[in-house]
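sequence and predicted model, in that order:
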Amino acid sequence: MRRILLLTFTALFAAFLTAKADPIDELIPVRGLAIEAPSQRGLNDFLKFIEGDLVPAHFNLLILRVDWNYAYETHPELRDEHPLTKEDVKRIVAVCKNRGIRLVPQINLLGHQSWAKQTHALLREYPEFDENPSVKTEFYTEWPNPYGLYCKSYCPLHPDVHKVVFDVVDELCDVFETDAFHAGMDEVFYIGEKECPRCNGKDKAELFAGEVTLIRNHLAEKDRQLMIWGDRLLDGRTTGLGEWEASYNYTWRAIDMIPKDVFICDWHYERADLTGVYFATKGLPVASCGYRDPSLCEQQIRDMVRFRKQSAPETAERLQGYIHTIWSGADHFLRRFNAVKNAGEQEEGRIDDARALQTVIATFTDLAR
């Protein structure tokens with residue numbers, strides 16, 4: 001018996017000495033995908049995608065843009081047609097839990113309350129929350145247009161807006177069993193508008209920072225982290241990044257007004273701009289985000305690895321990793337992605353966002369060796 005115990009102990013001790021952490025965790029701790037939540041009809045294929053493509057490539061974060069594609073019980077008036085049910089979401093939760101993937105739901109808050117001629121559920125059902133109600137979505141033709149309409153915003157100072165918003169945020173976080181929530185907050189062109197009786201004359205940076213802080217503090221009550229896109233915190237003119245990947249309406253000064261635990265998703269799709277280091281030196285955790293240029297996505301990943309190696313430990317800790325973004329519907333994207341994967345070189349150069357994700361998968365796989 002003693003001999004058996006001694007051999008067992010020796011084997012366990014040897015295993016402990018030889019065990020090594022996955023090397024990719026040190027190189028690039030966060031390896032994520034941000035994509036629209038699937039439809040009910042596409043759920044099975046989406047679960048296969050998680051198991052068959054994301055897990056083998058060492059992804060450990062999945063951000064799902066749910067918006068109104070859930071059967072909310074707190075506000076059923078905000079549901080899309082044929083929304084995901086609680087049972088549908090629990091299937092996604094189970095797969096991600098079993099595979100060590102952090103699952104984070106997203107609802108676009110503040111901005112992106114409309115798209116083209118469509119007003120989304122929040123302002124459709126609660127038009128009193130509209131920051132600039134005189135500009136109608138039916139005015140939209142294309143961007144730019146004579147009305148300056150891109151995507152509507154809700155008024156962050158409306159006394160009733162957060163009761164509705166926090167109801168659905170809490171419900172979604174609970175059903176996703178998550179420790180984080182992504183609030184979007186990108187491309188906010190309408191904030192502090194003159195026609196708004198509450199926001200008129202207010203500092204736009206203070207308004208933006210106030211909304212970020214309010215959402216962050218609400219989430220923190222249940223030990224949840226806030227994630228947002230980073231573009232509104234960058235000075236578009238000084239950096240030359242422009243009004244899409246950065247701000248022309250002075251919200252960029254909010255970077256010094258928000259809590260330091262807000263996770264920044266730093267998206268750049270034309271160049272591998274080095275703003276991740278800027279966010280990290282401001283004390284904010286950050287991940288770089290790419291989209292549909294395969295070589296650019298690989299560069300962003302390898303830049304993040306290099307930044308971490310070349311930074312002081314305090315800064316390196318905030319340089320968290322890379323999150324890949326997909327901006328088409330999940331069902332439609334998966335059909336293209338599988339076509340590229342199955343066709344191989346025959347699809348070369350035809351479908352950029354699908355090829356880009358293949359490149360990200362290959363790069364993560366290479367780093368894990």
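Done, it's in.

helices along the stretch 201-350 of the chain, start to end?
Remark: helices assigned in the stretch 201-350 of the chain by DSSP state H, counting those that start in this stretch are 204-220, 236-239, 275-281, 294-310, 313-318, 330-343.

mind listing what's buried in the shortest one?
With burial defined by 16 or more other Cβ atoms under 10 Å, the residues of helix 236-239 counted as buried are G236. Quick note: C-beta positions are derived from backbone N, CA and C, even for glycine.

how far does it sit from the chain's center?
23 Å (Cα atoms, centre = their mean, to the nearest Å).

contacting residues around it?
Residues from elsewhere that reach helix 236-239 (Cβ atoms under 8 Å, 6 or more residues apart in numbering): G242, E243, E245, A246, S247, Y248, W252, D273, T275.

what ranges does the stretch 1-150 of the chain have for its strands?
30-36, 61-65, 102-109, 114-115, 118-119 (DSSP state E, counting those that start in this stretch).

before we move on, back to that, tabulate the helices of the stretch 201-350 of the chain (CSV), appending mean pLDDT and distance to F49.
Formatted as CSV, the helices of the stretch 201-350 of the chain follow (pLDDT from 0 to 100; distance: least, Cβ to Cβ, whole Å):
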stretch, mean pLDDT, distance to F49
helix 204-220, 98, 28
helix 236-239, 97, 35
helix 275-281, 98, 27
helix 294-310, 97, 18
helix 313-318, 97, 30
helix 330-343, 91, 6
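
need the per-residue pLDDT for the closest residue to C155 other than its chain neighbours.
Counting by Cβ to Cβ, 6 or more residues apart in numbering, E131 is the residue found nearest to C155 once chain neighbours are left out, at 4.6 Å. Note on E131: pLDDT of 96.

tell me the contacts of E131?
Contacts of E131 by Cβ under 8 Å, 6+ apart are K152, S153, Y154, C155, Y190, I191, E193, C196, C199.

before we move on, the earlier item: okay, the contacts of helix 236-239 in TSV with distance to G111 and neighbour count next?
Formatted as TSV, the contacts of helix 236-239 follow (distance: Cβ to Cβ, whole Å; neighbours: other Cβ atoms under 10 Å):
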residue	distance to G111	neighbour count
G242	17	14
E243	13	14
E245	14	22
A246	14	23
S247	11	29
Y248	14	14
W252	15	23
D273	21	20
T275	19	22
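
which ones among the residues you listed lie within strands?
Within those, no residue falls in strands by DSSP state E.

now, which of these sits nearest T119?
E243 (22.7 Å; Cβ to Cβ).

tell me the phi and psi of that closest one?
Backbone torsions of E243, given as degrees, to the nearest 10, read phi -90, psi 0.

check the gap between the closest residue in space to it that isn't next to it in sequence and V212 for me.
Nearest non-adjacent residue to E243, counting by Cβ to Cβ, 6+ apart: G236, 5.2 Å away. Separation of G236 from V212 (Cβ to Cβ, to the nearest Å) stands at 18 Å.

check D170 too.
18 Å.

pretty sure F364 contacts I301?
Yes: with contact defined as Cβ atoms under 8 Å, F364 and I301 form a contacting pair (7.4 Å).

what sits in contact with each of those two?
With Cβ under 8 Å, 6+ apart as the test, F364 and I301 both reach I28.

how much space separates the residue lying closest to I255 once chain neighbours are set aside from Y322?
Leaving aside its sequence neighbours, I255 sits nearest to L233 (Cβ to Cβ, 6+ apart; 4.2 Å). Using Cβ to Cβ, L233 is found at 19 Å from Y322.

for the two, indicate the residue with more neighbours.
L233 (30 against 27; other Cβ atoms under 10 Å).

doesn't T251 make contact with the more buried one?
Yes: counting by Cβ under 8 Å, T251 is a contact partner of L233 at 7.3 Å.

which ones are touching P83?
Q40, W68, N69, Y70, A71, Y72.

just the buried residues of stretch 353-365, please?
D353, A354, R355, A356, L357, Q358, T359, V360, I361, T363, F364.

on that earlier part again, so which of the helices of the stretch 201-350 of the chain gets nearest L123?
Closest among the helices of the stretch 201-350 of the chain, using Cβ to Cβ: helix 204-220, at 15.7 Å.

report the inter-axis angle for the closest one versus strand 102-109.
Orientation note: helix 204-220 sits at an angle of 140 degrees relative to strand 102-109 (axes from the mean of the first three to the mean of the last three Cα atoms, to 10 degrees).

what packs against helix 204-220?
helix 161-176, strand 180-184, strand 225-229 (3 or more Cβ pairs under 8 Å, 6 or more residues apart in numbering; DSSP states H and E).

what do you get if the cut-off is 6 Å, keeping everything else the same?
Here helix 204-220 touches strand 225-229, going by 3 or more Cβ pairs under 6 Å, 6 or more residues apart in numbering; DSSP states H and E.

so what touches the strand it packs on?
A180, H182, A183, M185, D186, I215, R216, L219, V262, F263, C265, W267 (Cβ atoms under 6 Å, 6 or more residues apart in numbering).

same thing with stretch 167-186?
Counting by Cβ under 6 Å, 6+ apart, 63, 72, 74-75, 86, 89, 93, 103-106, 108-110, 112, 215, 219, 224-225, 227-229, 231 sit against stretch 167-186.

buried subset of the residues you listed?
Judged by 16+ other Cβ under 10 Å, buried ones among these: 63, 72, 75, 89, 93, 103-106, 108-110, 112, 215, 219, 224-225, 227-229, 231.

R318 is nearest to which of the strands of the stretch 1-150 of the chain?
Nearest of the strands of the stretch 1-150 of the chain (Cβ to Cβ): strand 30-36, 11.1 Å.
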